[in-house]
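Peer 1: have a look at this prediction, sequence included:
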Amino acid sequence: LLVAVVFCILFSSAAMIVGTGLLRPVLNDYIVPFIGRENPNLTKFITLLCVMIVVYVVGAVASYANSRIMLHISTKTLFKIRTELFSHLEKLPLKYFDTHTHGELMSRFTNDTDTLRDMLSQAVPQLLSSALTVTSSFVMMLYLSPVLTLVVILCIILLVVISGFIAKHSANAFRSQQAAIGKVNGYIEEMIERQKVVKVFCREENAKTEFAALNDELCTAATKANTLANILGPISNNMGHINYALTAITGVLLIIAGKMDIGSIASFLQYSKNFGVGG
């Protein structure tokens, strides 16, 4: 199935590259020459548009197939991991259960494995797809205009430096969040299991106080983790807009100077967008 996923990703990336490349002849050979012309022959133009539609449809189908297959793979993988995890749990000595809360162990089977599924079904295929898209887009950008490619690279370098700084701190925050989730789950499980003991010794207020402290710790860790993660999106988007604007302005200057044509600029702008966000 992983082989099928790779082929789907290849088809999806190829469709994006080919479809974007067709913008150049559409503008240069048909739309621009047709401006001001009466009764132009649209046969070849319509044929080219049909080809573009077919290319993008193939890419969309490949993307759907990729997502569907990876969902199946990740679910089956998690089934196997949980099975082996439970089997390993049965072999652990009693000392291990004395030093780890029940809720913390349960969190391994739920929160941690769900996070692993997200990585398998989304992050891994997206990494491969982005690598193919970025590489192929970069080659096409160099082919269309080395000058504009340099402008894009400078913006990307700045974005990578900022993203790397945020991602480093975000990773540590998410690790703290997962640890805090384990503590909260462990405490809740213990209190529910031993609720009779708590009531017999009148420890309700103490239990609420201890839970509030653990809950505050989780809230703080989750807030920090998600704040850093959510900052990255807007920064990336705005840097992409700035990159797009600078590239467009430079491209217009090259058109005025007679160094490029409108079709090449249109294709380049789309390639630069794919290069910046990885498709």
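Peer 2: Structure's in. What do you need?

Peer 1: show me the shaky parts of the stretch 151-279 of the chain.
Peer 2: For the stretch 151-279 of the chain, applying pLDDT under 70 flags the ranges 276-279.

Peer 1: 80 - rerun?
Peer 2: In the predicted model of the stretch 151-279 of the chain, residues 163, 166-171, 193, 228-229, 232-233, 236, 274-279 satisfy pLDDT under 80.

Peer 1: mind listing the helices for it?
Peer 2: Ranges of helices in the stretch 151-279 of the chain, per DSSP state H, counting those that start in this stretch, are 195-200, 204-256, 262-277.

Peer 1: which of those is buried the deepest?
Peer 2: For these, the largest average neighbour count (mean count of other C-beta atoms under 10 Å) is found in helix 262-277, namely a mean of 22. (Glycine included, C-beta is placed from N, CA and C.)

Peer 1: CA atoms only: put that helix into PDB for me.
Peer 2: Coordinates of each C-alpha in helix 262-277 appear next as PDB, following Å, rounded to 0.1, in the frame of the first residue of the first chain:
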ATOM      1  CA  ILE A 262       3.200  37.600 -19.200                       C
ATOM      2  CA  GLY A 263       2.800  33.800 -19.500                       C
ATOM      3  CA  SER A 264       6.100  33.100 -17.900                       C
ATOM      4  CA  ILE A 265       5.400  35.500 -15.000                       C
ATOM      5  CA  ALA A 266       2.000  33.900 -14.400                       C
ATOM      6  CA  SER A 267       3.500  30.400 -14.300                       C
ATOM      7  CA  PHE A 268       6.400  31.600 -12.100                       C
ATOM      8  CA  LEU A 269       4.200  33.200  -9.500                       C
ATOM      9  CA  GLN A 270       2.200  30.000  -9.200                       C
ATOM     10  CA  TYR A 271       5.400  27.900  -8.900                       C
ATOM     11  CA  SER A 272       6.800  30.300  -6.300                       C
ATOM     12  CA  LYS A 273       3.600  29.900  -4.200                       C
ATOM     13  CA  ASN A 274       4.000  26.100  -4.400                       C
ATOM     14  CA  PHE A 275       7.700  26.400  -3.600                       C
ATOM     15  CA  GLY A 276       7.000  28.600  -0.600                       C
ATOM     16  CA  VAL A 277       4.300  26.500   1.100                       C
END
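
Peer 1: by how many degrees do that helix and helix 204-256 diverge?
Peer 2: With axes from the mean of the first three to the mean of the last three C-alpha atoms, to 10 degrees defining the directions, helix 262-277 sits at 160 degrees from helix 204-256.

Peer 1: how far is helix 262-277 from where the chain is centred?
Peer 2: Distance of helix 262-277 from its chain centroid, counting by C-alpha atoms, centre = their mean, to the nearest Å, is 20 Å.
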